[in-house]
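Asker: From the sequence below, what's the structure:
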Amino acid sequence: MNSQVRRLILDLGPLLIFFAAFKLGGFFVATAAFMVAILTALVIGYALERKLSPMPLFTAVLVLIFGGLTLYLQSEVFLKVKVTILYAFFGIILLGGLATGRLFIKYVFGHAFDLDEPGWRKLTLRWGIFCLVLAALNESVWRLTSTETWVDFKVWGILPLILLFAVAQTPLLLRHAQDEKTPDGK
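Answerer: You can find the predicted model right below:
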């Protein structure tokens, strides 16, 4: 199995397990299943890649903390707000890094794209703002709709938005791609 497909399965698997468990057993069953699934995905990812990527690790820590609070206090609020905190954190890190001259997005996408510096800055700005928009959107949805609507939105709303946003960055990626040089430097 190709490593990108494997990574996609490990990243999306816990979310799909959360969704299925919610439909079958409710929010608290889904929260417990999500916690187990995200830990399992981390262990499998580490076993296959011999490293823990910072983003999945940070996400797992948030899921365990906020999922644990959700189960212990029997309150859905904690897991719902975890999504807001996650996207706000990523947005602030990206925009804060941009403001201080650190392009953290290179750590995430540097293996996939080779962009010039203006391209990395524009991509960082766009993703930083987009993450903050996702945080605000999640906050609105969980506060203004039912839990079932929020779960559906979390799985079938946020994921397509991220995919569409990523595809919409293609012109920027093409415009700022570094020219590949041949081995002789030409």
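
Asker: For the helix or strand bottoming out on mean pLDDT in the chain, which outside residues touch it?
Answerer: None of the helices or strands of the chain scores lower by mean pLDDT, DSSP states H and E than helix 105-109, at a mean of 85. With contacts defined as C-beta atoms under 8 Å, 6 or more residues apart in numbering, helix 105-109 is touched by Pro54, Met55, Leu94, Gly97, Trp120, Leu123, Thr124, Trp127. Where you see a C-beta, it was placed from the backbone N, CA and C, and this is true even at glycine.

Asker: And the last one, how far from Leu94?
Answerer: Shown here: Trp127 relative to Leu94, a distance of 6 Å by C-beta to C-beta, to the nearest Å.

Asker: mind pulling up the phi and psi values for Ala177?
Answerer: When read as degrees, to the nearest 10, the backbone of Ala177 gives phi -70, psi 140.

Asker: what residues are up against it?
Answerer: Phe113, Asp114, Leu115, Asp116, Gly119.

Asker: Which neighbouring elements make contact with the longest helix along the chain?
Answerer: Longest helix in the chain by number of residues, with DSSP state H as the criterion: helix 117-144. Counting contacts by 3 or more C-beta pairs under 8 Å, 6 or more residues apart in numbering; DSSP states H and E, helix 117-144 is packed against helix 77-99, helix 105-109, helix 147-156, helix 158-168, helix 170-175.

Asker: That one to helix 77-99, inter-axis angle?
Answerer: Going by axes from the mean of the first three to the mean of the last three C-alpha atoms, to 10 degrees, helix 117-144 is angled at 160 degrees with respect to helix 77-99.

Asker: buried residues in stretch 86-105?
Answerer: By 16 or more other C-beta atoms under 10 Å, the buried positions in stretch 86-105 come out as 86-88, 90-91, 93-95, 97-98, 103-105.

Asker: excluding its backbone neighbours, what's nearest Val151?
Answerer: Nearest residue to Val151, sequence neighbours excluded (C-beta to C-beta, 6 or more residues apart in numbering): Phe22, at 5.0 Å.
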